[in-house]
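Visitor: starting from these lines, generate the structure:
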Amino acid sequence: MTALTSGIVLALLLTGIVWLILSYNLLVRDKHRVLAGWSDIDVQLKRRHDLIPKLVTTVSEYAKYERSTLQTITKLRDQAAILEDVASRAATEQDLSHSLTRVLAIAEAYPQLKAQHNFLDLQQEISNIEQDIQFARRYYNGAVNNLNTRIESFPDMLIARLFHFKPAEYFDFVEH
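Guide: I've put the predicted structure just below:
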């Protein structure tokens, strides 16, 4: 082998090593963005879950015959707290969102409840949290898209397979 050939082989080898390191680090970065995005969603969902007992208590004082709707919300809250896979959690959280909307609609039939300061504060806080959940969901799903695209795209897919990177699940609300 001549010096020129050895130099070319060495340059190609170094280029391959740099590409391997760069691809791996980009996959790790995208994986951590997905984890951070999920953490943001989880924080917002926990904030919403923490408000549910206050909302149920406030509404139940006025709407005694709406007990089944309030029990459904409590049941969905408890169920969502134990679910770990993203798809099941998304479906349960979507049901919880629909139930919360029904509870807030129930308040329309009770002028005294609508005028109560605690209820108005809870209603505003829930509305803000729902918006924060949507923002966090968009960020998370964007991070999932970036990671999954990288895992499925050549040549990064070679590194992803070598190091057992797995595609992440989207946090999509299921239409009923």
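
Visitor: show me what the lowest-mean-pLDDT helix or strand in the chain is packed against.
Guide: Lowest mean confidence among the helices and strands of the chain (mean pLDDT, DSSP states H and E): helix 111-115, at a mean of 78. For helix 111-115, the packing partners by 3 or more C-beta pairs under 8 Å, 6 or more residues apart in numbering; DSSP states H and E come out as helix 3-62. Yep, even glycine has a C-beta here, placed from its N, CA and C like the rest.

Visitor: now the helix it packs on: average pLDDT?
Guide: For helix 3-62, the mean pLDDT works out to 92.

Visitor: now stretch 130-137
Guide: 94.

Visitor: hang on, the earlier thing: next, the buried residues of the least confident helix or strand of the chain.
Guide: Buried residues in helix 111-115, defined by neighbour count with 16 or more other C-beta atoms under 10 Å: L113.

Visitor: and stretch 7-25, by the same measure?
Guide: Neighbour-count burial for stretch 7-25 flags 23-24 (criterion: 16+ other C-beta under 10 Å).

Visitor: wait, A168 touches N146, no?
Guide: No - A168 is beyond contact range of N146, at 9.7 Å (criterion: C-beta atoms under 8 Å).

Visitor: and these two? Which one has more around it.
Guide: Neighbours per residue, other C-beta atoms under 10 Å: of A168 and N146, the larger number sits with A168, 23 against 17.

Visitor: and the more buried one, backbone torsions?
Guide: Main-chain torsions, A168, degrees, to the nearest 10: phi -100, psi 160.
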